[in-house]
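K.L.:
got a predicted structure plus its sequence, pasted below:
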Amino acid sequence: MSNIRLFFKESLSLNLTAKLDKSQSHYVNKVMRVKVNESFSLFNGSGEWEAKILNISKSIVEFNIIKQLRQKESTKELWLAFSPIKSNYLNFMVQKATELGVTKFLPIIFDRTIVRKINKERLEKVIIEASEQSNQINVPSIKDPQNLKNFLDKNKLDLIFTDLNSDNKKIDLSKFTDSPICIIIGPEGDFSEAERTQILSYKSVQSIKINNNILRSETAVISALSIVSYLTN
């Protein structure tokens with residue numbers, strides 16, 4: 001079997017016969033040169049499956065599911081609440097955060113947020129590609145942008161607040177509950193004092209200073225996620 005693994009948004013099951021879309025068919029047939037009777041893997045929330053190519057007609061790949069390779073995974077929810085940034089940096093940040101195990105992305109419009117719109121369709125493609133590359137089964141979701149108050153009011157979380165003004169440099173694992181862990185990263189101009197007060201008044205929050213230096217948003221995300229992933233795995 002080839003090392004190709006693709007996300008397939010429709011239902012997957014043993015003996016299923018279906019077709020890849022035009023883009024994935026081109027990748028499998030023209031880029032990776034996989035031929036009829038050769039196999040590759042498909043995955044989604046139901047697990048990962050081995051697919052055998054039955055036919056290639058008009059550049060569209062038809063396949064049959066012949067074996068389940070992995071079952072659905074149960075993973076700890078790790079969310080990322082972040083301020084949108086310029087698209088090239090945002091794409092990089094979302095890609096690396098997916099590789100590091102984020103299960104949900106929540107764009108927040110803070111007082112000092114400069115970029116106030118996201119290309120959600122493009123980011124979903126980045127997430128899928130990163131999931132394919134990093135051998136994950138569960139593909140993270142991304143929500144529409146919202147304000148800080150709405151985010152805090154509507155979610156029950158173990159919130160990790162990356163605060164440059166904090167003196168704390170350690171996360172207390174004993175304070176974690178069964179709620180999703182969520183890291184909140186501020187905008188390039190940092191949180192406003194009103195936002196800091198809002199976040200620190202949240203019921204289950206820990207503030208942490210992840211570095212003495214002022215980090216770019218995408219660097220702060222990678223740093224904070226690496227710390228949390230190390231402590232919780």
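P.N.:
Noted; the coordinates are in hand. Numbering: from 1, shown residues only.

K.L.:
strands along this structure, start to end?
P.N.:
5-7, 17-19, 39-44, 47-57, 60-71, 78-82, 104-109, 141-142, 146-147, 158-162, 181-184, 205-208 (DSSP state E).

K.L.:
rebuild those strands as CSV, extending it with distance to Val115 and mean neighbour count.
P.N.:
In this view, the C-beta of every residue, glycine as well, is placed from N, C-alpha and C. Shown next, in CSV, are the strands of the chain (distance: least, C-beta to C-beta, whole Å; neighbours: other C-beta atoms under 10 Å):
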stretch, distance to Val115, mean neighbour count
strand 5-7, 27, 19
strand 17-19, 38, 14
strand 39-44, 30, 21
strand 47-57, 35, 18
strand 60-71, 37, 16
strand 78-82, 11, 25
strand 104-109, 9, 20
strand 141-142, 15, 16
strand 146-147, 15, 14
strand 158-162, 19, 23
strand 181-184, 17, 25
strand 205-208, 25, 18
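
K.L.:
show me the contacts for the residue positioned nearest the centre of the chain.
P.N.:
Geometric centre of the chain, nearest residue: Thr98, 3.5 Å, by C-alpha atoms, centre = their mean. Neighbour list for Thr98: 126-127, 130-131, 134, 136, 140 [criterion: C-beta atoms under 8 Å, 6 or more residues apart in numbering].

K.L.:
Ser39 now?
P.N.:
Neighbour list for Ser39: 1-2, 50-53, 66 [criterion: C-beta under 8 Å, 6+ apart].

K.L.:
for it, give its distance to Val139.
P.N.:
To Val139, Ser39 is 22 Å away according to C-beta to C-beta, to the nearest Å.

K.L.:
what residues of the lengthiest helix in the chain count as buried?
P.N.:
Secondary structure assigned by DSSP state H gives helix 217-232 as the longest helix of the chain. Within helix 217-232, the residues scored as buried using 16 or more other C-beta atoms under 10 Å are 217-225, 227-228.

K.L.:
elements contacting that helix?
P.N.:
strand 78-82, helix 87-99, strand 158-162, strand 181-184 (3 or more C-beta pairs under 8 Å, 6 or more residues apart in numbering; DSSP states H and E).

K.L.:
go again using 10 Å as the cut-off
P.N.:
Secondary-structure packing of helix 217-232 (3 or more C-beta pairs under 10 Å, 6 or more residues apart in numbering; DSSP states H and E): strand 78-82, helix 87-99, strand 158-162, strand 181-184, strand 205-208.

K.L.:
identify each buried residue in the longest one, please.
P.N.:
The reference is to helix 87-99. Buried-residue list, helix 87-99, by 16+ other C-beta under 10 Å: 89-91, 93-99.

K.L.:
wait, which of those is closest to Leu14?
P.N.:
Comparing the buried residues of helix 87-99 against Leu14 with C-beta to C-beta places Thr98 closest, at 28.1 Å.

K.L.:
how about the nearest residue to Ile108 once chain neighbours are set aside, what does it touch?
P.N.:
The spatially closest residue to Ile108, leaving aside those adjacent along the chain, is Ala81, at 5.2 Å (C-beta to C-beta, 6 or more residues apart in numbering). Contacts for Ala81 (C-beta atoms under 10 Å, 6 or more residues apart in numbering) come out as 104-108, 110, 143, 146, 148, 151-152, 155, 157, 159-161, 182-186, 199.

K.L.:
so what sits opposite Ala81 in the bridge?
P.N.:
Judged by DSSP bridges, the bridge partners of Ala81 are Leu106, Ile184.
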